[in-house]
Each structure stands twice: as structure tokens, then as C-alpha cells.
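> only geometry, no sequence info:
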Ligand SMILES: CC(=O)N[C@H]1[C@@H](OP(=O)(O)OP(=O)(O)OC[C@H]2O[C@@H](n3ccc(=O)[nH]c3=O)[C@H](O)[C@@H]2O)O[C@H](CO)[C@@H](O)[C@@H]1O
């Protein structure tokens, strides 16, 4: 029996690829021992146990970015976290560590190397995060989502997508999907999502025009996130939900999506060939713009900045786009050509290779 330690989390963008890999391992080896390492604060604390996996948590340890008290304490805390993961690896007889970036992965990479266990890294974003950049220096088994991601020696595996997404037949479930959210099964449908945490600029920019969109004969499913600064417009035909546990159905329900460009969401949308408007979140290392770049240059999506989400833009671009099925079909085709659905199998292949070489 093989024991897998899967590390990562924070937002769903890091948890969902981890769950996708876990599902494929469980599917192939029902007796495999799968242990997930995360933090108590991340979305993994809910999503991992809900999907039936065992979660171990360590302290959330952001890399110090400026010299303060936390920076002074960091080395000791980090060593302590590495020590805890090394103990877990020995106790459970872990055969491979697979990390997805985020707080829990850095100590896991270090612990795996120290215990002589192969380490596999998956980088979600077109611009890699710090934990993965450092981790990638000590393992040859690195998979990236997008071609051109600057990690030397990395292989393009694509993004591991959960089976309910990778195996989704949007057309055949569209009607039921719309009914699931209480929508009209026959009306053109716009999905709006700000990623797993929600996006204030998108909530504001689109919901401000709720009345006009609905009057144009379009219904909206808006995945709002936990944000409260902007209020639900409460317009009939404009459905607001907080966190969506069935993104597969949300994707099946829509004709077009307005979305942040988190890497997992971009991969899901282009894998499924859904025409999109991407509104990149201008934070961190600016990775979201790059995540969307392939789909945008293929003509499967258009890129819009936060500040461009105005009433005028909705009127002159968004509503006409939804009223133009041939253009949407063309975008869908182009989006699909830029996307892929085999990321889970590709990453599992890399994991097998790492175990085989150990
Ligand atoms: C603010 C922030 O830190 N954003 C980062 C975060 O985004 P975030 O966590 O939003 O990640 P993504 O957009 O990549 O993925 C979100 C995932 O959650 C799912 N989902 C989303 C909303 C919902 O209600 N229900 C649901 O299931 C989506 O289908 C997708 O699988 O991680 C991404 C992947 O590293 C990065 O590219 C983003 O820059």
C-alpha cells in the first residue's frame, strides 16, 4: 500500500487541484493511504474533510517579507513545522510528498527531502509562488499548469481538475443545472464569479447593472463569496449565492462567465470551453493576468480590468455579447482549443514516476 502526503491549501484554488489528485488516487487504489497537510485557517479545513480525506494541520507560516518580530521568530517556527511533518512522514510511512504551494507546502517539501522521500510539486499559476519556487530547487518532479511558467526543468501537466468538472457534459445537464439554482431553464444565462473568496470589484461592477441585464432577457447566477461591502441587488432574475458547492452545475448552467482569473478557475473554464470575460485580480505577483493570457490570445476570452466594469461596458459589450450566440460559439471553440482536461492524469503520472525512481 502506498502512502501519499498531499500538502497545500489556503484558498480553493490550491485545495481543488489537491482534491482532484486525491480522488484519482482513491479511484485507482481504494486502499491507498492519503494524508492531507494544511492549515486550520485555509478553506482546506472545510473542503478536505467534506470530501472524506484525513487532514493534518500545521501553523500558518507566511514567509517574512519585511524585518519585524515575526521575521525573527520565523526560522524557529519553520524548523518546528518541518520537525512535525518529518515525524508525520515517519509515523505514517509516507512514500511521496506532493505539494501544491501555499503555507503548508514549504515545510512539507523540506521535511520530505530531509526524510529521503520523493517530492513532487505542482504550480498552479503562470507566475510561480515563493514556496514552489524555492521547493523546485531540490526536486526534478515539478508540474506546471501553463506552458512558459518560469521554473527550470518543469513539465507542463496542466491543472488537475476534479472529476465532476473534467467529466462534465455541459449540454446534457444544462437544463437540470439551471433548475438546480432555481433559474429559468430556457433563458440565456450569465455566471459571475470572483473565485473562491469573491471579488468586491466584480460584485459591484456587475450587480450595479442588475436591472438592465435582466431587462435585456438575461438571467444571472452570481457567486458572491463571503463579501459584505456590496449588497445583493435583490432583482428578480439576478440570483446571488455565497459559496457554490456545485461549480460543475454553475458551469453547465451558463452561456458566458465573468470571472476572476485564478488559475484553477481559468483552467476549468477553458477546459470546458466556456466563453469568458476575465477580470484579473491585480495583487500578488500579478499572476492572474498571465493565467488568462493563453485563453485570451486564442480568442476564447476577453480581458477587462476592474475599473472597466462600468454601466457603459455592460451596455456596450456584455449584453450584446450574450445576445450573439454565433460569437459565443466561436469563443467557446477557441477557449476549448487553449484548454485541457487531462491535468489530473498527467500529474498522477509524474507522481508515479517519482515513486518509481525512489
Ligand atoms: C485572491 C487570491 O489569492 N487568488 C488566488 C487564488 O484564487 P482562488 O482560490 O479564487 O482560486 P481559483 O480561482 O484558481 O480557483 C477557485 C476554485 O474554487 C472553486 N469555487 C469557487 C467559488 C465557489 O463558490 N465555489 C467553488 O467551488 C472554483 O471552481 C475553482 O476550482 O488561488 C489561485 C490558484 O493558485 C490564484 O491563481 C489566485 O490568484
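Good, I have the coordinates. What you see is a predicted model, and the numbers here were worked out from it, not measured in a lab.
> kindly report the residues of the stretch 251-358 of the chain close to the ligand.
Within the stretch 251-358 of the chain, the positions near the ligand by CB under 6 Å from any ligand atom are 260, 262, 263, 264, 265, 268, 281, 287, 288, 291. For the C-beta atoms, the positions are set from N, CA and C on the backbone; glycine is no exception.
> the same query, at a cut-off of 5 Å, please.
Contact residues (CB under 5 Å from any ligand atom) of the stretch 251-358 of the chain with the ligand: 262, 263, 264, 265, 288.
> then the stretch 51-200 of the chain?
Checking the stretch 51-200 of the chain against the ligand by CB under 5 Å from any ligand atom, the hits are 124, 125, 195, 196.
> of the residues you listed, which is the most crowded?
Neighbour tally across these (other CB atoms under 10 Å): the maximum, 29 neighbours, falls on residue 124.
> which parts of the stretch 151-300 of the chain are strands?
155-156, 189-193, 219-223, 238-241, 256-259, 276-278 (DSSP state E, counting those that start in this stretch).
> partner strands of the last one, parallel or antiparallel?
According to DSSP bridges, strand 276-278 forms sheet pairs with strand 256-259 (parallel), strand 301-303 (parallel).
> which of the ones you listed sits most buried?
When you average the neighbours per residue for each of these (mean count of other CB atoms under 10 Å), strand 256-259 leads with a mean of 25.
> kindly tell me how buried the residue in the stretch 201-350 of the chain that the ligand sits nearest to is, as a neighbour count.
Scanning the stretch 201-350 of the chain for the residue nearest the ligand gives residue 262, at 2.0 Å (criterion: CB to the nearest ligand atom). A count of neighbours around residue 262, defined by other CB under 10 Å, yields 29.
> returning to that earlier point: nearest to residue 83, out of the strands of the stretch 151-300 of the chain?
strand 155-156 (31.2 Å; CB to CB).
> please tell me how far the closest one is from the chain's geometric centre.
18 Å (CA atoms, centre = their mean, to the nearest Å).
> still on that earlier bit, format the strands paired with strand 276-278 as TSV; extra columns: mean pLDDT.
Shown next, in TSV, are those (pLDDT from 0 to 100):
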stretch	mean pLDDT
strand 256-259	98
strand 301-303	98
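> ok, which of these comes nearest residue 204?
Among those, strand 256-259 sits nearest to residue 204 (CB to CB), with 12.4 Å.
> go ahead and name everything in contact with that closest one.
Strand 256-259 is contacted from outside by 190-195, 202, 206, 251, 265-266, 269, 274-279, 318, 321-322, 328, using CB atoms under 8 Å, 6 or more residues apart in numbering.
> let's see that with 7 Å instead.
With contact meaning CB atoms under 7 Å, 6 or more residues apart in numbering, strand 256-259 is reached by 190-193, 202, 206, 265, 269, 274-279, 321-322, 328.
> for it, what is the distance to the chain centroid?
15 Å.
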